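Here's a sequence, model it:
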Amino acid sequence: MFYERNEIMQILAFDDLVDVIIPRGSSNMIQEIASHTKIPLIKQDKGLCHAFVDECANLNMALEIILNAKCQRVSVCNALETLLIHEKI
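Residues are numbered from 1 along each chain as shown. Model (predicted):
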């Protein structure tokens, strides 16, 4: 696993040794990797993550999950984007 930008950019030159890259990170970072290598990529794109709070849900737990999913790291691909709440809540 590579974390530093210079390490990532160096590995992109090894297209004869690397079969595939699975980049994880921001859309900008993945776009930069894609534009600097011939190595095939398996990449996630922008997520479309939903949560539904049912009428019988534990509301304290639901709130903790929602806050974590939306507020902890807002730029990640699995950050909450749509919150649906049962009409009886």
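
Quick one: neighbours of residue 77, just the number.
17 (other C-beta atoms under 10 Å). Backbone N, C-alpha and C define where each C-beta goes, glycine included.

So for residue 12, what pLDDT did the model give?
pLDDT for residue 12: 91.

That one against residue 39, yeah?
Yes: between residue 12 and residue 39 there is a contact at 6.6 Å, judged by C-beta atoms under 8 Å.

so what secondary structure elements neighbour the longest helix that the chain contains?
When the chain is parsed with DSSP state H, its longest helix is helix 59-71. Under the contact criterion of 3 or more C-beta pairs under 8 Å, 6 or more residues apart in numbering; DSSP states H and E, helix 59-71 touches strand 49-53, strand 80-85.

what's the closest of those strands to residue 74?
Closest approach to residue 74 among these is made by strand 80-85 (9.1 Å; C-beta to C-beta).

Next one: the residue positioned nearest the centre of the chain from residue 61, what distance?
In the chain, the centroid-proximal residue (C-alpha atoms, centre = their mean) is residue 77; its distance is 2.5 Å. When distance is defined by C-beta to C-beta, to the nearest Å, residue 77 is 24 Å away from residue 61.

what element comes up after the lowest-mean-pLDDT helix or strand in the chain heading to the C-terminus?
Among the helices and strands of the chain, helix 5-11 carries the lowest confidence by mean pLDDT, DSSP states H and E, at a mean of 85. Where DSSP states H and E defines the elements, the next helix or strand beyond helix 5-11 is helix 27-35.

Buried by neighbour count: which residues of that following helix qualify?
In terms of neighbour count (16 or more other C-beta atoms under 10 Å), helix 27-35 has its buried residues at 30, 32, 33.

Was I right to think the last one contacts residue 40?
Think residue 33. No: using C-beta under 8 Å, residue 33 is not in contact with residue 40, being 11.5 Å away.

Domain map for the chain?
Under automatic domain parsing, the residue ranges defining each domain of the chain are 1-45, 49-85.

among those domains, which gets the worst mean confidence?
domain 1-45 (a mean of 86).

pretty sure residue 65 contacts residue 51?
Yes: applying C-beta under 8 Å as the test, residue 65 and residue 51 come out as touching, 7.0 Å apart.
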